[in-house]
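> Need coordinates for the below:
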Amino acid sequence: MRFFFLWVVLCSVTLSATERPNFLLVMVDDMGWSDLGCYGGEIDTPHIDSLAAGGLRFTRFYNNSVCGPTRASLLTGLYCQQIGHRGDNWNMPKNYSKCVLIPELLQAGGYHTAMVGKWQGRDLAVKRGFNRFFGPNCQGKISYWHPVVQNDFYLDDKPWKFTEDFFMTDAFNDHAVTFLKESVSGKKPFFLYVAYIAPHWPLHAREKTIQPYRARYRKQGWNDWRTSRIERQRNMGLLSKEAKPAPYPANIPDWAKDKHKDWQAERMAVYAAQISNVDRGVGRMLEVLKQSGQLDNTLILFLSDNGAAPNGGFAPSNSGFGFRPNSPNNTWRKDRVAIRPGSGPKLMPGPHDTFAGYGLAWALTSNTPLRNAKMSAYEGGIRTPLIAHWPEVIKKGNGLTRQPGHVIDVMATCLDLAHLKYPTQFQNRRPLPMEGKTLAPILRGKQRPGHDILAWKNARGRALMKGDWKIVRPDDKLPWELYDLSADPGETFNLAQQHPDRVKDMTDRYEIWRQHVGAR
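Numbering: from 1, shown residues only. This next block holds a predicted model:
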């Protein structure tokens, strides 16, 4: 323990902020792979797109398909099952006797650390390595408009009082800018983690943000937008000309025959508005970095915690998300205002007393060209966009890399670039050996020695990937499927019968991995 802290002190004395990069880690919640303009989408994201224009996009970066497990792996560099998350539950406590967090090591290594947004710990973020924190201690479903039960907001370690004009993403943007201004004015390098809840349901947004999208989605529906996204992805090089996208499953309605197009369009318009609000916040943060002269030496990583969420149904309903007709529906909001249950043409999403999702058809459009959605082990559940922007190192913009990576790699990357070692002992804890590998060689335009395998066990799937090959199945009672992702990113053609030996080898590797990480 003493040797680790002595090494840290020596590093912080000998390495100045200009020799070690700052880190700005931005994670959104439930955003699909193709929603951003720079990944083929039609949603207006000019500031996020500017990161891609001046940086590097990953085409095969992975998460854990649901929020809590992804965030556990992101912050610890370990598979979520190693530290208390089964992988199929959105919010389980981490076993801190087995892990250490990125902010704890960076803080001990001389960094100023701050966080804004979704924190799912049983204790406060400032107790786990963050000098500053703003956001909810998130233990249940949340409102963008008002305080609700199980989601108390804190500023550092003190309860935060809601303002009259509160809107959650705006509040996150404001505090991210405040914390960033504090960081750039200090002498230490900094790590700022901004964990947005948008565009996670409920579909809440201000009218002025929704309005620009309303006509866009009434004019064209999910079939046309999916076709448009695929065309743009091919033109951008994100999807090869030969690659076959995942088809819509048979239960997806034909947009042309839908009887409630204005309502369907409104659901996507609100979702798009939520992403636009995030983009404005990113723009404000970029302006702070530019004005301070610290943009060039700041590594910005932008990603999503899982694929788009399918919740919300295909048709109008009078109930959903725990709210029902003939029920008070007034115990969730702390001001006791009732939520109007359901969603449909007579109850459009967006306002403060609604609670809705945008449904599977739009979610699969968001995940174009990938198969399935959040909580699945198919690519639509586990593949995330990742943009890396670091002008001092990434000299050529609009770059693409097809080297696979995983959220477990973020810890290793931060420590590598900060010249810090991963400890065998920290604050009377003995963290497990790190599973992640640094992304630094990829950022520098080189080939890295990547993972021999990556594997998943989540609520609706199990999977193992080795190179371009992937085995996957929805549950343990079904046979393994095999796909070659280099030619078939949509997982459309099961090759298991043609390659039984490969399936056997990968199945054996999955069982070894399962026992290694403690997956049930």
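
> What are the buried residues along the lengthiest helix in the chain?
Counting residues, the longest helix found in the chain (DSSP state H) is helix 261-292. For helix 261-292, burial by neighbour count (16 or more other C-beta atoms under 10 Å) applies to 261, 263-282, 285-286, 288-289. Placement of C-beta: from N, CA and C, glycine included.

> by contact count, what packs against it?
strand 22-28, helix 46-53, helix 168-185, helix 207-219, helix 359-366 (3 or more C-beta pairs under 8 Å, 6 or more residues apart in numbering; DSSP states H and E).

> which one of these lies closest to residue 247?
helix 359-366 (9.6 Å; C-beta to C-beta).

> avg pLDDT for the next helix or strand after that closest one?
The first helix or strand that comes after helix 359-366 along the chain, using DSSP states H and E, is helix 379-382. Average pLDDT, helix 379-382: 98.

> how about the helices and strands packed on helix 261-292 in TSV, adding mean neighbour count and mean pLDDT?
Output for the helices and strands packed on helix 261-292, formatted as TSV (neighbours: other C-beta atoms under 10 Å; pLDDT from 0 to 100):
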stretch	mean neighbour count	mean pLDDT
strand 22-28	25	98
helix 46-53	20	98
helix 168-185	20	98
helix 207-219	16	98
helix 359-366	26	98
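
> Reformat these as TSV; add distance to residue 475.
Listed next are the helices and strands packed on helix 261-292 as TSV, based on distance: least, C-beta to C-beta, whole Å:
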stretch	distance to residue 475
strand 22-28	28
helix 46-53	35
helix 168-185	35
helix 207-219	34
helix 359-366	19
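
> For residue 74, find the nearest of these.
strand 22-28 (7.2 Å).

> Against which helices or strands is that closest one packed?
Partner elements for strand 22-28 (3+ C-beta pairs under 8 Å, 6+ apart): strand 190-195, helix 261-292, strand 298-304, helix 409-417.

> Recalculate using a threshold of 7 Å.
strand 190-195, helix 261-292, strand 298-304 (3 or more C-beta pairs under 7 Å, 6 or more residues apart in numbering; DSSP states H and E).

> Contacts for that strand next, please.
189-196, 198-199, 278, 282, 285, 294, 297-305, 414 (C-beta atoms under 7 Å, 6 or more residues apart in numbering).

> Three-state assignment for residue 165, please.
coil (DSSP: H, G, I helix; E, B strand; the rest coil).

> Quick check: it vs residue 206, distance?
Distance of residue 165 to residue 206, computed by C-beta to C-beta, to the nearest Å: 10 Å.

> out of those two, which sits in the more crowded spot?
residue 206 (17 against 7; other C-beta atoms under 10 Å).

> can you tell me how far the nearest residue to the more buried one once chain neighbours are set aside sits from residue 358?
Once flanking residues are discounted, residue 206 sits nearest to residue 167: 6.5 Å by C-beta to C-beta, 6 or more residues apart in numbering. Distance of residue 167 to residue 358, given as C-beta to C-beta: 19 Å.

> ok, now residue 106?
With C-beta to C-beta as the criterion, residue 106 and residue 358 are 37 Å apart.

> more crowded one of the two?
Between residue 106 and residue 358, residue 358 has the larger neighbour count (other C-beta under 10 Å), namely 30 against 26.

> That one is in contact with residue 267, isn't it?
Yes: using C-beta atoms under 7 Å, residue 358 makes contact with residue 267 at a distance of 4.1 Å.

> Return stretch 306-319 as PDB; C-alpha atoms alone will do.
The C-alpha trace of stretch 306-319 is given here as PDB (Å, rounded to 0.1, in the frame of the first residue of the first chain):
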ATOM      1  CA  ASN A 306     -26.200  -0.200 -24.500                       C
ATOM      2  CA  GLY A 307     -28.200  -0.400 -27.700                       C
ATOM      3  CA  ALA A 308     -31.600   1.400 -28.100                       C
ATOM      4  CA  ALA A 309     -34.400   0.300 -25.800                       C
ATOM      5  CA  PRO A 310     -37.400  -1.400 -27.300                       C
ATOM      6  CA  ASN A 311     -39.900  -0.500 -24.500                       C
ATOM      7  CA  GLY A 312     -43.100   1.300 -25.500                       C
ATOM      8  CA  GLY A 313     -45.100  -1.100 -27.600                       C
ATOM      9  CA  PHE A 314     -46.300  -0.900 -31.200                       C
ATOM     10  CA  ALA A 315     -49.700   0.600 -30.600                       C
ATOM     11  CA  PRO A 316     -51.400   3.200 -28.300                       C
ATOM     12  CA  SER A 317     -52.200   1.900 -24.800                       C
ATOM     13  CA  ASN A 318     -53.800   3.200 -21.600                       C
ATOM     14  CA  SER A 319     -51.100   1.800 -19.300                       C
END
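
> what residues do residue 358 and residue 267 have in common as contacts?
Joint contacts of residue 358 and residue 267 (C-beta under 7 Å, 6+ apart) are 203, 312.

> Can you check the distance spanned by stretch 34-46, start to finish?
14 Å (C-alpha to C-alpha, to the nearest Å).

> same thing with stretch 373-380?
End residues of stretch 373-380 are separated by 5 Å (C-alpha to C-alpha).

> cool, stretch 46-61 as well?
End to end - C-alpha to C-alpha - stretch 46-61 spans 22 Å.

> Low-confidence stretches in the chain?
1-18 (pLDDT under 70).

> again, only this time at 90
1-19, 88-94, 121-122, 520 (pLDDT under 90).

> Apart from its chain neighbours, what residue comes closest to residue 311?
Closest to residue 311 by C-beta to C-beta, 6+ apart is residue 357, at 3.8 Å.

> I'd like to know how many residues surround the one you found.
Residue 357: 24 neighbours (other C-beta under 10 Å).

> cool, and the one 10 residues further on?
Residue 367 is flanked by 29 other residues according to other C-beta under 10 Å.

> I'd like the distance between it and residue 301.
From residue 367 to residue 301 the distance is 21 Å (C-beta to C-beta).

> do the same with residue 352
32 Å.

> the more surrounded of those two?
residue 301 (26 against 15).

> For the nearest residue in space to residue 263 that is not next to it in sequence, list the residues it contacts.
Closest residue in space to residue 263, ignoring its immediate chain neighbours: residue 345 at 4.6 Å, by C-beta to C-beta, 6+ apart. Shown here is residue 345, whose contacts under the criterion C-beta under 7 Å, 6+ apart are 260, 262, 263, 316.
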